[in-house]
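>>> Predicted model and sequence below, questions to follow.
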Amino acid sequence: MKRPILLVLFLLTIAATAFPRVAGDTVAADTAGRKKTVYIFPIREEIARPAWRLTKKGLENARRLHADYILIHMNTYGGLLNSADSIRTAILNCPVPVMVFIDHNAASAGALISIACDSIYMRSGATIGAATVVNQTGQQVPDKYQSYMRAMMRATAESHGKDTIIRDGDTLTHWRRDPRIAEAMVDARIYIPGISDSGKVITLTTDEAIRLGYCEGKAESIEEVLQKTGLGDAHVVRYEIKPVDRIIGFLASPAVSGILIMIIIGGIYFELRTPGIGFPLAAAVLAAILYFAPLYLEGLAQHWEILLFVAGLILIAVEIFAIPGFGVAGISGIILLVTGLTLSLVDNAVFRFDPTMAVNMLLKSLFIVLVSSLLSIILSIWLTKKVAGSRKLNLALHTELQTKKGYVSVEKKMQEELTGKKGRAFTVLRPSGKVIIDGEVYDAVAEMGFIEKDAPILVTRQMTGQLYVVEEK
């Protein structure tokens, strides 16, 4: 029994020796057996939710394809701090080496993302830096934001490691990317002799970045980057922007969001004027889906914000269909509806950093929603009057039903006298049809189920000129 066990252990030992599972051997085997794979995706827009969504998809695609390297084609003036932080964190945690080719600009948030990459290549005339945090008007925000950005830049630079050098008995530290330079890209007060001594934030040119260790080389194209990194014959896979991505970006734009809000409010307004489920409500629901879907995918709209909107719609529906008039339910529904639309336009992350900025963004979003709603109501009122005054567009009956042409009406008093009378079904009632009572034919509705033709019937009541009958057993 022991011999087979010893034989198995011996074979496993031989197998482990022949096929060691170390990274270097795996790369060697890949190098000998196949070409390297480089996955390329672009960041050539404002650093915001769409860029973060694109980066996530790009990194996921690269891992799914077992890419050996990832190359980001960058040209951006910056963007939102929280989106930039999400992107740089994903890059730092990515198991696949990430390179970046700066095609002209890597400013502000773009600089932070670039420094997170394992290697940086820049075009002639390109720049990297100027990472001071500013608000939407271009003014510097309070120092706590600058402090947070300095810490992120410093930590990102430090993540690439350092070398300890002993020279003449002294221990020297050489960072691959000097954290002080990264900080000086944010804060003009940081003094670095010979580099930052002018009282201005640092923005490096291509040659300066190479000299200071913030760029591995100069290249004029993606192909040249691949040549310089020994990947000239690599298998290149590029991220393809799909139509759905373009549609999401289009629907999430402020102008389109405003139009969708107008359709939502306009549809509800028309539905309030004409109770019952019809085209206006269907248009409002469709517009709501198109409004919230891209905001949800971009990470702006949260579940509870969408639920607020849905709760508002439910309350308005209750007011329309269940409660006569317009009162507490309807007003509460409108408030919840506006609140849901407004909060969905605001990135909730800003509330954690600066309540003042959050309030400003909230007021701006509320302004967009209220102005869109007001314009929608004004346009709806105008369309209502236009349709009512147009014989071509008005669906009301304009033809006079004259008695001499055979049109007659049934007096209410006569119908009230029919309550309790018996007759028979003149046609099948499914549930509406005609009945005959005392030799006269009347329109009627069956109270329960269907009534077959010629079946005996009993008039139970009348309402708004309509007879209601049941089958007499």
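Yep, it's here. Numbering: from 1, shown residues only.
>>> Partner strands of the top strand by length along the chain, with direction?
In terms of residue count, the longest strand belonging to the chain (DSSP state E) is strand 98-107. With DSSP bridges as the test, strand 98-107 is paired with strand 69-76 (parallel), strand 119-122 (parallel), strand 127-129 (parallel).
>>> so who does residue 380 touch?
If you count contacts by C-beta atoms under 8 Å, 6 or more residues apart in numbering, residue 380 has them with 265-266, 269-270. Where C-beta positions appear, they are placed from N, C-alpha and C, glycine not excepted.
>>> biggest separation within these, which pair?
The most widely separated members of these, counting by C-beta to C-beta, are 265 and 270 (9.9 Å).
>>> quick one: which of those two has more around it?
For residue 265 versus residue 270, neighbours defined as other C-beta atoms under 10 Å are more numerous around residue 265 (26 against 18).
>>> Extract the C-alpha set from the longest strand of the chain and format it as CSV.
Extracted C-alpha coordinates of strand 98-107, given in CSV (Å, rounded to 0.1, in the frame of the first residue of the first chain):
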residue,chain,number,x,y,z
VAL,A,98,-0.8,49.6,-17.3
MET,A,99,0.9,52.1,-19.6
VAL,A,100,-0.4,55.5,-20.6
PHE,A,101,0.4,57.5,-23.8
ILE,A,102,-0.3,61.2,-23.1
ASP,A,103,-1.4,62.6,-26.4
HIS,A,104,-0.9,66.4,-25.7
ASN,A,105,-2.7,66.8,-22.3
ALA,A,106,-2.8,65.1,-18.9
ALA,A,107,-3.9,67.9,-16.7
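>>> List the contacts of it.
44, 69-78, 91, 110, 113-114, 116-123, 125-131, 203, 215, 219, 222, 225, 229.
>>> Kindly report the same for stretch 204-216.
Residues outside stretch 204-216 that contact it (C-beta under 8 Å, 6+ apart) are 102, 115, 119-129, 175-178, 181, 195, 217-218.
>>> ok, and for the top helix by length along the chain, which residues are buried?
In the chain, taking DSSP state H as the definition, the longest helix is helix 355-388. Of the residues in helix 355-388, 357-358, 361-362, 365-366, 368-369, 372-373, 375-376, 380 count as buried by neighbour count, 16 or more other C-beta atoms under 10 Å.
>>> now swap in stretch 307-318 and tell me
So for stretch 307-318, counting by 16+ other C-beta under 10 Å, buried means 308-309, 311-313, 315-317.
>>> Including secondary structure, distance to residue 417 and pLDDT, could those residues go into a markdown table?
Shown next, in a markdown table, are these (DSSP: H, G, I helix; E, B strand; the rest coil; distance: C-beta to C-beta, whole Å; pLDDT from 0 to 100):
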| residue | secondary structure | distance to residue 417 | pLDDT |
| --- | --- | --- | --- |
| 308 | helix | 53 | 88 |
| 309 | helix | 51 | 87 |
| 311 | helix | 48 | 90 |
| 312 | helix | 47 | 87 |
| 313 | helix | 45 | 82 |
| 315 | helix | 43 | 85 |
| 316 | helix | 41 | 78 |
| 317 | helix | 39 | 76 |
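>>> after the helix or strand hosting residue 424 comes which helix or strand?
Using DSSP states H and E, residue 424 falls within strand 422-425. From strand 422-425 onward toward the C-terminus, using DSSP H and E, the following helix or strand is strand 432-437.
>>> Buried residues, stretch 179-199. List them.
179, 181-187, 190, 195-196.
>>> Touching stretch 302-318 from outside, list them.
Contacts for stretch 302-318 (C-beta under 8 Å, 6+ apart): 268, 272, 288, 292, 296, 329-330, 332-341, 343-344, 348.
>>> ok, which stretches of the stretch 101-250 of the chain are strands?
119-122, 127-129, 162-167, 170-175, 203-205, 217-218, 235-238 (DSSP state E, counting those that start in this stretch).
>>> Quick check: buried residues in stretch 86-103?
Buried-residue list, stretch 86-103, by 16+ other C-beta under 10 Å: 86-88, 90-92, 94, 96, 98-103.
>>> Closest to residue 162 out of the residues you listed?
The nearest one, if we look at these relative to residue 162 and count by C-beta to C-beta, is residue 92, at 16.1 Å.
>>> Excluding sequence neighbours, find me the nearest residue to that closest one.
Excluding the flanking residues, the one nearest residue 92 by C-beta to C-beta, 6 or more residues apart in numbering is residue 116, at 5.3 Å.
>>> rewinding a little: let me know the average pLDDT across the longest helix of the chain.
On average, the pLDDT along helix 355-388 is 78.
>>> repeat for stretch 207-220
Averaging pLDDT residue by residue across stretch 207-220 gives 94.
>>> Give me the distance between the two termini of that stretch.
Using C-alpha to C-alpha, to the nearest Å, the end-to-end distance of stretch 207-220 comes out at 13 Å.
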